[in-house]
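>>> predicted model, plus sequence, below.
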Number of protein chains: 2
Amino acid sequence: MLAHNAIHSSPAAISRVGRVARDNKPGHMPPAFAQPHQVLFCSPNKEIYAQGERATALYQVEFGAVRIYRLLSDGRRQISAFHVAGEVFGFEADGHHRFFAEAVCNSAVRVYRLPIDADLSRDILPSALLALVRAQEHLLVIGRQNAAERVAAFLLDLAERQGDLPQIELAMSRTDIGDYLGLTIETVSRVFSKFRENGHIRLQGARTVMLLKPEALRAMCA
Amino acid sequence: MLAHNAIHSSPAAISRVGRVARDNKPGHMPPAFAQPHQVLFCSPNKEIYAQGERATALYQVEFGAVRIYRLLSDGRRQISAFHVAGEVFGFEADGHHRFFAEAVCNSAVRVYRLPIDADLSRDILPSALLALVRAQEHLLVIGRQNAAERVAAFLLDLAERQGDLPQIELAMSRTDIGDYLGLTIETVSRVFSKFRENGHIRLQGARTVMLLKPEALRAMCA
DNA sequence: CGTAATGTTGACAAGGGTCAAGCTTAGTGG
DNA sequence: CCACTAAGCTTGACCCTTGTCAACATTACG
């Protein structure tokens, strides 16, 4: 079952791109943190941390996108979240990572080594709670919505996070989308095609989506 | 789809059972909080808070069980978590509840009104992170595991939370289990029957489960 | 321009949903 | 104490959505 999407190319260790200048880009990061200890530049599929590793830092996406996922022993994968610019990830309950984190595309990630001081830890609670609410809402999508509803919810969520522009750039492959929505790539692809035929979206290549009727999509996810 | 489990009888308002004696039961609550502002006694299906309400408190289960859930407009329900004795719930990202919380069975819930003072808020971060990890792990179960694997994971999780005794008391109905696992009651029932036929479990009535071969169940969820 | 990775589409199969009937259990009242 | 009832649970028959397998198209890249 689903063995075809078991292949992931991320044996590479974390490459520290060392302390770099980060005094630029003032204040377009939502929870404007203090100086990160370092900034990590990642090419696609670069591993940021792995399941089982000790959790030594929190991370904030500067640009690009990151996937958080888990694997079953037979290779089935569930992506629990995508994180884009400004979002914080890497929270763990007991000092070691229960998930993998990888760059989806060329990305930069700010690294805040633990322990985080008291001021900062007040700032991160909202980020943790946001992640919790997102995960719980995603449970509803995966647990109770059909394929079309899941894809509609996904597209609307992305559009909202990209500033509600009608045109969306998908950083992730169909495999990623399937593993996020609990579907196969074939089903994802068929839903995209159906949406195109219905006039709900326009596709310019596989990764550029224009939402022609966002209301129609919104109506689907009730 | 799934309209048969849309009926929920909880129009009742929250009944405050006022300040009661709570100096008893010392220190068997994992995150030993200070005095709660009140303790709420709940009969089955009593609403603790509703989606849309302002979040005014955090809650800790004293005994019994609580379900956290969301509804789609057509009545489909997804239970994102069950909470049992000692667990804290009610975290929200922006001051209002995105979910419903109801007692599953006769229960008592400690109420800590917001804002929580600084000392306490340090204590609650671990609870929030635990809830986040649980939700993300549940995503894997719902997104990528089949019916038998989901039920196996559910039974093992319950057993672990009840102290790893071989005998489990289910506080919740098949409908609740189905809505937690993203399955119908019929499928849940069939999996229970299959596990009984395989000798993995013994059922004494519908709500008492003995795990005869926990290793076999464990092997299923990889 | 050629090759590999990614995406699309079709035919078919299967897991789980739907509908319906019957069974168990707990609760109630005679 | 037992019969009656209603709610919850189980089981069967059938069917639909989505997964599987395969072929082909498209895109990205060297």
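Sure, I can see it. Numbers count the residues shown, from 1 in each chain, chains lettered A, B, ... in the order given.

>>> give me the number of residues near the closest residue to A:Val191 other than its chain neighbours?
Spatial nearest neighbour of A:Val191, chain neighbours left out: A:Val151 (4.4 Å); criterion: Cβ to Cβ, 6 or more residues apart in numbering or on different chains. Where C-beta positions appear, they are placed from N, C-alpha and C, glycine not excepted. By other Cβ atoms under 10 Å in any protein chain shown, the residues close to A:Val151 number 28.

>>> please identify the helix or strand for A:Val151.
A:Val151 is part of helix A:147-161 when elements are defined by DSSP states H and E.

>>> identify the residues contacting that helix?
The contact list for helix A:147-161, computed with Cβ atoms under 8 Å, 6 or more residues apart in numbering or on different chains, reads A:84, A:141-142, A:145, A:165-166, A:168, A:170, A:177, A:180-183, A:187-188, A:190-192, A:194-195, A:201, A:209, A:211, A:214, A:217-218, A:220-222.

>>> what comes up buried for the next helix or strand after that helix?
With elements assigned by DSSP H and E, the helix or strand that comes after helix A:147-161 is strand A:167-169. The neighbour-count check on strand A:167-169 (16 or more other Cβ atoms under 10 Å in any protein chain shown) flags A:Ile168 as buried.

>>> wondering if strand A:167-169 reaches DNA strand C at all.
No - contact of strand A:167-169 with DNA strand C is not found when judged by Cβ under 7 Å from any atom of the strand; the minimum separation is 12.0 Å.

>>> who are the packing partners of the helix or strand that comes right after that strand?
Counting by DSSP H and E, the next helix or strand C-terminal to strand A:167-169 is helix A:174-181. Under the contact criterion of 3 or more Cβ pairs under 8 Å, 6 or more residues apart in numbering or on different chains; DSSP states H and E, helix A:174-181 touches strand A:65-71, strand A:77-84, helix A:147-161, helix A:185-197, helix B:118-144.

>>> hey, least reliable of the ones you listed by pLDDT?
Note on the helices and strands packed on helix A:174-181: lowest mean pLDDT is at helix B:118-144, with a mean of 89.

>>> report the distance from stretch A:211-222 to the chain centre.
22 Å (Cα atoms, centre = their mean, to the nearest Å).

>>> also stretch A:111-123?
Computed by Cα atoms, centre = their mean, the chain-centroid distance of stretch A:111-123 equals 22 Å.

>>> same thing with stretch A:148-168?
Chain-centre distance of stretch A:148-168: 13 Å, with Cα atoms, centre = their mean.

>>> is DNA strand D within reach of it?
Yes - for stretch A:148-168 and DNA strand D, the contact criterion (Cβ under 7 Å from any atom of the strand) is met by A:Ala148.

>>> quick one: contacts of stretch A:203-214?
Against stretch A:203-214 from outside (Cβ under 8 Å, 6+ apart): A:155-156, A:159, A:166-171, A:174, A:192, A:196, A:199-202, A:217.

>>> give me every residue that touches the residue nearest the centre of chain A.
By Cα atoms, centre = their mean, chain A has its centre lying nearest to A:Phe82, at 0.8 Å. Taking Cβ under 8 Å, 6+ apart, we find A:Phe82 in contact with A:65-68, A:104, A:171-172, A:176, A:180.

>>> most widely separated two among these?
A:Ile68 and A:Ala171 (14.1 Å; Cβ to Cβ).

>>> okay, these two: which has more neighbours?
Neighbours were counted for A:Ile68 and for A:Ala171 using other Cβ under 10 Å; A:Ile68 has more, 25 against 20.

>>> how about A:Gln167: what's its closest non-neighbour residue?
That would be A:Met210: by Cβ to Cβ, 6+ apart, it lies 5.0 Å from A:Gln167.

>>> before we move on, back to that, tell me the bridge partners for the residue nearest to the centre of chain A.
Judged by DSSP bridges, the bridge partners of A:Phe82 are A:Arg67.

>>> that older thread, after the helix or strand the residue nearest to A:Gln167 falls within comes which helix or strand?
Per DSSP H and E, A:Met210 falls inside strand A:208-211. Next helix or strand after strand A:208-211 toward the C-terminus (DSSP H and E): helix A:214-220.

>>> what number of residues lie near the nearest residue to A:Ile68 once chain neighbours are set aside?
Using Cβ to Cβ, 6+ apart and skipping residues adjacent in sequence, the residue nearest A:Ile68 is A:Ala81, 4.6 Å away. A count of nearby residues for A:Ala81, using other Cβ under 10 Å, gives 19.

>>> same check, this time on A:Ala152
For A:Ala152, using other Cβ under 10 Å, the count is 25.

>>> repeat for the one 10 residues further on
Per other Cβ under 10 Å, the neighbour tally for A:Gln162 reads 13.

>>> again, but for the one 4 residues further on
Under the neighbour criterion other Cβ under 10 Å, A:Pro166 is assigned a count of 12.
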